[in-house]
Structures are given as structure tokens and as C-alpha cells.
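1. Quick one, what's the 3D model for this:
(one chain, ligands or ions: 2)
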Amino acid sequence: MYAQTVFPTEAHDGTRIARLSLSHFRNYRDVRLELNGPSVVLTGANGSGKTNLLEAISLLVPGRGLRRAPLAEMQHHAREGHWAVAVELDTPHGPLRIGTGRDPEAAEGDRRVIHIDGRNAKSQQTLGDHVAMAWITPDMDRVLAEGPSARRKLLDRLVYSFDPAHAGRVQRYEKALRERLRLLREGIADTMWLAALEDEMAQTGVAVAAARRHMLRQLQSAIAATEGVFPKADLALRGMAEEFLETQAALLVEDRLRAALARTRGDDAQNGTCAIGPHRSDLLVTHRAKQCPADLCSTGEQKALLIAIMLAYVRILAEARNMKPLFLLDDIAAHLDSARRAALFEELRALGVQAWLTGTDAAQFHPLLPHAQHFTVDQGRIV
Ligand SMILES: Nc1ncnc2c1ncn2[C@@H]1O[C@H](COP(=O)(O)OP(=O)(O)OP(=O)(O)O)[C@@H](O)[C@H]1O
Ligand SMILES: [Mg+2]
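-> Ligands and ions are numbered 1, 2, ... in the order given. Okay, the predicted model is just below:
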């Protein structure tokens, strides 16, 4: 059954999902949706399957989706046969079919298969060539209030969409970091081995820091270029490599990081941690109008700052990739007052992206409903 509002298919320069089907995915057995509007609102009771549906969509870009869940977890408990998600996209270059699911032929372990226009894609990275996406989930609500790790990960995730090699660099850096710590903890004083690991950390670490700085600058200029109800966020990066890169060439910063790591071996061995490097960096966010660090802002202000950052990101994505992204906003109305909600809906309409919004109560979406397709989710069924 489809939503009551049917929109004429209009010209647009974005990527939109025109058809979506899920099978055996979490609490969905078989679901098909036909979409022809710019935005989609999903409402329903707690546990009905709203986030599950957004999670399925989030598998259309490289990565493990918005919950970062293992493939087996997404399998419907009570259904035989592997889960699958398939979409027909309406893109500026024409229609495109993408399908992904658990590989039924994987002999052992779990593997995902990806089909793009009927052809097997060799790697997940190929998805990034066709779809751009951003999301805001309730998990991210605490990102501005808690420690640096979540903010660093958020920033790294934003970088991935522009620079797919970033994920590999972060992984290589972290692998060398763990290995160095293991040697130090176990008292293996193999200086050649340690130096090789520190060299890897210096090279990949400085590349990671440089990519973060580039992303930060883009976000800053996108924030500077917009006016609206959402508070402006001042962003800064705190981290040794990131700060050195302000004034020095990357090769020099690599040398400094390499030397600093060699110098701190003794302390790191004693403390069992690695005290310096891009794995310690933080993204500092300040509410500009209030001159207040984000962690001291109210819950609603933090949400508004996060939305402002993500709106800036969506603008950058749309411009840089020349392709408007899909934008998933899970449980978005929580913590926003009615003025901010209305402002958000206005912004989404102005951006012209296909936004997928979820909430428990349709009334929260009142100003958007005349312009969106509205579905009610009920225990893994869409009505
Ligand atoms: N693999 C699975 N198989 C079957 N059901 C699952 C599976 N994984 C999760 N579920 C069920 O999906 C439901 C949660 O769905 P989801 O998180 O999408 O809810 P929601 O509509 O977003 O709710 P809320 O409003 O609380 O955020 C739970 O009832 C959970 O038991
Ligand atoms: Mg949910």
C-alpha cells in the first residue's frame, strides 16, 4: 500500500530512491515502496522498524551502515534465506539499480554482495561512485557532549565520502599503532621494528590529519556561507599533527611525528597507551553566538549545532560531487522545538535532497507533510 500523496515526477539534480524493496531484513519480511516525492516521512511506534528501514538505505554507500552492525545481525530472526536490499535510483544520469545483501554463496563467514545495474561490483567502494549520503541518528546526539573519540570518528566518516582512501589510511595507522603498543607492552625492544611501525604511523597519520583539515576548512566555509535559524558552529581541530600542518609542510610534520614517537617509547611502554598522534585528535565545536563550547550547550542546542554541521556537509557533498545526496534523519524531531523543526524542513526543501525523516508522531512533521510522502510503519509493515 502506498502513501496518499503522489507527486508528479519533477526535474531535479539529485539522487532519489524511486523504488525500494527489502527482504528478510531485520523485522521486515518483504516490503516494497514506490517513491516519487522529494522527501519521505516514516512514523510509527517504538520498535516498529523505522530505523531498520533507514539502516537498509544506509547500506547503499560503502561501510557497515548507520548502526555499523555485522551482516548476520541484520538477518530476520525467523526467516530462512539471506537478507537483501534493492533500490531503483533516479539519478541525474538516468535510472540506476543497486542491490546488496548477504552472499548466499559465501562458504564460511559472512560476505556482502553488491550489484550495480545487474553487474557484480568488486568492492563496496564502487557504491561511493554512484551514491552520496549523509545521516543524523540519535546515537550522534551525545557526540558533542562526550569525549573526543566519537567526534574524531564523525569527522573521519565525513571525509570518507570525498576521499575513499581515507578509511584505508585510518586502518593502516591504527594497525601500526596497535602493533607498536604491543611491542612496547611486551618489552620487545626491537628498534628496527619499532622504527618501521612509527614510520608507517607518521606517514599515514599525517595524511589522515591533512584530510581532516581539508574537510574542516570546507565545513567552515559552508557554514560561513549560510544564514538561518540553526546556530553557527565554530570548528577547530586539536591535535599535534593537525596543528603542525598549519605552518609546516607535510614531510616536515611526518619527521616531527616520527621523532616524537621514538622519543615517547619509554613513557608509552610504562603507561600502556600511545600519548601522541592523530588517534588523539579532537574536533572542537563552539556555539558562535553564545561563545559557548558545545559540550556546555543544552541538549537541544547541541542537536541544532549537529544539524547545522550536517546541513553544511550535505551542501558540500552536493557541490563537490555534483550530485545531491540522500539525507537520512532518524528520530529527528526529538529535542527540537517547533520553530527549529519548521526551519529544518524549510532547509531540506531548499536543498532539494531526498530526505528520509522518522519520528513516532506524525504531528511533529506537520509543516512538511504537504510536501512529503508519508508512510506509517507498523511491526515491520508499511501501511
Ligand atoms: N534481525 C532481526 N530480526 C527480526 N527483528 C529484528 C531484528 N533486528 C531488530 N529487530 C527488531 O526490530 C525492532 C526495532 O526496529 P527499529 O529500531 O527500526 O525501531 P524504530 O521504529 O526505529 O523504533 P524507535 O521509535 O524506538 O526508534 C525491534 O523490535 C527489534 O526486535
Ligand atoms: Mg528508531
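2. Any regions of the stretch 101-250 of the chain where pLDDT drops low?
-> For the stretch 101-250 of the chain, applying pLDDT under 70 flags the ranges 108-109.
3. mind running it again at 80?
-> 106-109 (pLDDT under 80).
4. which parts of it sit against ligand 2?
-> Residues of the stretch 101-250 of the chain found near ligand 2 (Cβ under 5 Å from the ion): none. C-betas here are computed from N, CA, C, even on glycine.
5. Tell me where the stretch 101-250 of the chain has strands.
-> Secondary structure of the stretch 101-250 of the chain (DSSP state E, counting those that start in this stretch): strands at 112-116, 119-120, 133-136, 233-238.
6. Show me which residues of the stretch 51-200 of the chain sit near ligand 1.
-> T51, N52, E73, M74, Q75, H76, H77 (Cβ under 6 Å from any ligand atom).
7. want to throw the strands of the stretch 101-250 of the chain into JSON lines with mean neighbour count and distance to P293?
-> Below are those laid out as JSON lines (neighbours: other Cβ atoms under 10 Å; distance: least, Cβ to Cβ, whole Å):
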{"stretch": "strand 112-116", "mean neighbour count": "17", "distance to P293": "40"}
{"stretch": "strand 119-120", "mean neighbour count": "9", "distance to P293": "48"}
{"stretch": "strand 133-136", "mean neighbour count": "23", "distance to P293": "21"}
{"stretch": "strand 233-238", "mean neighbour count": "18", "distance to P293": "10"}
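8. Contact partners for the residue nearest to A132 when sequence neighbours are not counted?
-> Excluding the flanking residues, the one nearest A132 by Cβ to Cβ, 6 or more residues apart in numbering is P325, at 3.7 Å. Contact analysis of P325 by Cβ atoms under 8 Å, 6 or more residues apart in numbering lists G14, T15, V131, A132, M133, A134, S161, V314, L317, A318, V353.
9. Among these, which pair sits farthest apart?
-> Using Cβ to Cβ, the pair of these lying farthest apart is G14 and S161, separated by 15.0 Å.
10. higher neighbour count, the two?
-> Just comparing G14 and S161: by other Cβ atoms under 10 Å the higher neighbour count belongs to S161, 23 against 19.
11. Next up, phi/psi of that one, please.
-> Dihedral pair for S161: phi -60, psi -30, per degrees, to the nearest 10.
12. Please name the residues that touch it.
-> By Cβ under 8 Å, 6+ apart, the residues touching S161 are V61, G128, A132, M133, A134, L317, R321, P325.
13. And it, how close does it get to ligand 2?
-> The gap separating S161 from ligand 2 is 23 Å, by Cβ to the ion, to the nearest Å.
14. can you pull the pLDDT of the residue of the stretch 201-350 of the chain found nearest ligand 1?
-> In the stretch 201-350 of the chain, the residue that lies nearest ligand 1 is D331 (5.7 Å; Cβ to the nearest ligand atom). On pLDDT, D331 comes in at 96.
15. With the one 10 residues further on instead?
-> What the model reports as pLDDT for R341 is 95.
16. Repeat that for P92.
-> You'll see P92 listed with a pLDDT of 85.
17. For it, grab phi and psi.
-> Torsion angles at P92 (phi, psi; degrees, to the nearest 10) stand at phi -60, psi -20.
18. Verify the stated contact: it with G14.
-> Yes. Between P92 and G14 a contact is recorded at 7.4 Å, counting by Cβ atoms under 8 Å.
19. Find the residues that touch each one of the two.
-> The contact lists of P92 and G14 share M323, where a contact means Cβ under 8 Å, 6+ apart.
20. can I assume L326 is in contact with L35?
-> No. Contact criterion Cβ under 8 Å: L326 and L35 do not qualify, at 11.1 Å.
21. so what sits against both of those two?
-> Counting by Cβ under 8 Å, 6+ apart, the common neighbours of L326 and L35 are R16, I17, Q354.
22. List the neighbouring strands of the helix or strand encompassing L283 plus their orientation.
-> L283 belongs to strand 282-287 when assigned by DSSP states H and E. According to DSSP bridges, strand 282-287 has the following sheet partners: strand 233-238 (antiparallel), strand 292-293 (antiparallel).
23. Make JSON lines from those and add distance to A189 to it.
-> Converted to JSON lines, the strands paired with strand 282-287 look like this (distance: least, Cβ to Cβ, whole Å):
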{"stretch": "strand 233-238", "distance to A189": "32"}
{"stretch": "strand 292-293", "distance to A189": "42"}
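24. Enumerate the beta-bridge partners assigned to W135.
-> With DSSP bridges applied, W135 shows beta-bridge pairing to L328.
25. which residues touch it?
-> Residues in contact with W135, defined by Cβ under 8 Å, 6+ apart, are L54, S58, L66, F327, L328, L329, D330.
26. Just name the closest of those to ligand 2, please.
-> Comparing these against ligand 2 with Cβ to the ion places D330 closest, at 5.8 Å.
27. got the domain boundaries for the protein?
-> According to automatic domain parsing, the chain comprises the domains 16-132+328-382, 148-286.
28. Quick one, which of those domains gets closest to R142.
-> R142 lies closest, by Cβ to Cβ, to one member of the domains of the chain: domain 148-286, at 7.1 Å.
29. now the closest one, how far from the centre of its chain.
-> Domain 148-286 has its C-alpha centroid displaced from the chain centroid by 19 Å (Cα atoms, centre = their mean, to the nearest Å).
30. so how far is the first residue of it from its last?
-> 14 Å (Cα to Cα, to the nearest Å).
31. check contacts around L54.
-> With contact taken as Cβ under 8 Å, 6+ apart, L54 is in contact with L42, L66, W135, T137, L328, D330, W356, T358.
32. Now for the residue located most distally from the centre of the chain: which residues touch it?
-> Within the chain, the residue lying farthest from the chain centre (Cα atoms, centre = their mean) is A189, at 39.7 Å. By Cβ under 8 Å, 6+ apart, the contact set of A189 is empty.
33. ok, it to A260 distance?
-> Applying Cβ to Cβ, to the nearest Å, the value for A189 to A260 is 19 Å.
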